[in-house]
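Asker: Test case, fold it:
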Amino acid sequence: MNNTSCSEKWRPLWRRKTSCRGMHRSFSRERLVFVGLVLVLLAAMQGSLLLGKYPVSLDDYRQFTHLLISGQFDAARQQFATLYSVLFEIRLPRIIAAVVIGASLSVAGSTFQAMFVNPLVSPGILGVLAGSSFGAALGMVLQLPWLGVQVAAFVFGSLAVATAVLIAMLYRNSRSVIILILGGVISSALFTALLSVLKYSADPYDTLPAIVYWLMGSLSFSDKDTILLLAGPMLFSVVVLTLMAKYLNALSLGDEEAQSLGLNVRRIKAIAITLATLVSALCVVMAGVIGWIGLIIPHMARLLLGADNRKVLPASALIGALFLLVTDNLSRTLFVHEIPIGILTSLVGIPIFIIVLKNAREGFH
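Answerer: Below is the predicted model:
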């Protein structure tokens, strides 16, 4: 294969001339980035098991792991009963929740940014976060059991997005993307106002503090049963959205160009919006409101790998999982009392966003 044929093959994707040698060097670098991210994430998950208020020494962890792997744990179950409870009942579910939520919010943010061709949108652009917040607060005011609060958060998050879509459908002759975003703004404002009404009328000594704490976000809400129930649909949606990356590349060229390539733009957008909304709502159900991840992580992925969504989406999943895991470790260990993780993601995310903001336009060129 000569350089000319190679560059012609890849020109529709990159819109620039390149050589086989250059592509090989690029592929090697990208492979190295992905392998590095996976290894760092696995190491961070292992290290997170040792962090917390209950001290776990490295020697105890090694001995404990050896007994589990060798099948000799039953003989020493009584000796390591507390350690088993701390690692598998408390810390491991929280680590899994951080990885799943971080990956889900990041992929949802990447999807919306690619679909709307706007690097400044986030998973809450269509009102799902405001709707889920109102639903959870309503469940708390009505004194529903925790499962009822989670169901209400999911239902009203989906309803908020449906409201944005219905508003956009009223203006079929207008530019659909702009109207859809405006519909999301209206929906967010509506459910934010309703949330304020609930907070105003809630019991200031009991219900109101619970609502405020939930809105700050915390992975302590994620128990083992919740993770077992929600992690499957969330990971499935993340995988499907990642497989749709080539269609998102086409959508980033504009609706008319995508249609000229033979794509059903309306169907692709409907599937992408549905799946991104699903994972965003389930993230709120699992851990409350955690902001900034879906906004800043896609930019970090583009800085590493360029604007091709086939690389941005899986890289966003890995970086987002690592980012939320590290942030949760900080929230558990920085002070005597745990800091709500939504506060830390904002404090850490704002300076990161300022740094990458100047590259936002370049990432979409």
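
Asker: C-terminal to the helix or strand where residue 47 lies, what's the next element?
Answerer: For residue 47, the host element (DSSP states H and E) is helix 20-48. The first helix or strand that comes after helix 20-48 along the chain, using DSSP H and E, is helix 58-70.

Asker: which helices and strands does that following helix pack with?
Answerer: helix 81-84 (3 or more C-beta pairs under 8 Å, 6 or more residues apart in numbering; DSSP states H and E). Glycine gets a C-beta too; all of them are placed from N, C-alpha and C.

Asker: could you say what helices and strands the helix it packs on packs with?
Answerer: In terms of contacts (3+ C-beta pairs under 8 Å, 6+ apart), helix 81-84 is packed against helix 58-70.

Asker: contacting residues for residue 157?
Answerer: 128, 129, 131, 132, 135, 277, 280, 281, 284, 285 (C-beta atoms under 8 Å, 6 or more residues apart in numbering).

Asker: what's the pLDDT at it?
Answerer: Looking at residue 157, its pLDDT stands at 94.

Asker: begin at 55 from here
Answerer: Fine by me, first position is 55 from now on; the one you just mentioned is residue 211.

Asker: what angle do the helix holding residue 101 and helix 112-124 make?
Answerer: Inter-element angle recorded for helix 74-102 and helix 112-124: 100 degrees (by axes from the mean of the first three to the mean of the last three C-alpha atoms, to 10 degrees).

Asker: So which elements touch helix 74-102?
Answerer: Helix 74-102 packs on helix 57-68, helix 146-170, helix 347-359, helix 363-387, going by 3+ C-beta pairs under 8 Å, 6+ apart.

Asker: relative orientation of that helix and helix 363-387 in degrees?
Answerer: Using the same axes, to 10 degrees: helix 74-102 against helix 363-387 is 20 degrees.

Asker: Which of the residues in helix 74-102 are classified as buried?
Answerer: Buried residues in helix 74-102, counted by 16 or more other C-beta atoms under 10 Å: 74, 77, 84, 87, 88, 91, 95, 98, 99, 102.

Asker: residues in contact with the fourth one?
Answerer: When contacts are counted by C-beta under 8 Å, 6+ apart, residue 87 touches 358, 359, 369.

Asker: For the buried ones among those residues, write the corresponding PyMOL selection.
Answerer: Selecting just the buried residues from the contacts of residue 87 in PyMOL takes one command, with 16+ other C-beta under 10 Å as the test:
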select buried, resi 358+359+369
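
Asker: Which residue ranges of the stretch 255-404 of the chain form helices?
Answerer: All helices of the stretch 255-404 of the chain, identified by DSSP state H, counting those that start in this stretch, fall at 261-270, 278-297, 299-305, 309-314, 319-341, 347-359, 363-387, 395-411.

Asker: out of the ones you listed, which comes closest to residue 146?
Answerer: Evaluated over the helices of the stretch 255-404 of the chain, closeness to residue 146 peaks at helix 278-297, with 8.6 Å, by C-beta to C-beta.

Asker: list the buried ones in that closest one?
Answerer: 280, 281, 284, 285, 288, 289, 291, 292, 295, 296.

Asker: Closest to residue 201 out of these?
Answerer: The closest of the buried residues of helix 278-297, once distances to residue 201 are taken by C-beta to C-beta, is residue 280, at 8.8 Å.

Asker: Next, count neighbours for the residue lying closest to the closest one once chain neighbours are set aside.
Answerer: Among residues not flanking residue 280 along the chain, residue 340 sits closest, at 5.9 Å (C-beta to C-beta, 6 or more residues apart in numbering). Neighbour count for residue 340, taken as other C-beta atoms under 10 Å: 25.

Asker: next one: residue 405
Answerer: 10.

Asker: Roughly how far does it sit from residue 411?
Answerer: 11 Å (C-beta to C-beta, to the nearest Å).

Asker: Residue 177 now?
Answerer: From residue 177 to residue 411 the distance is 18 Å (C-beta to C-beta).
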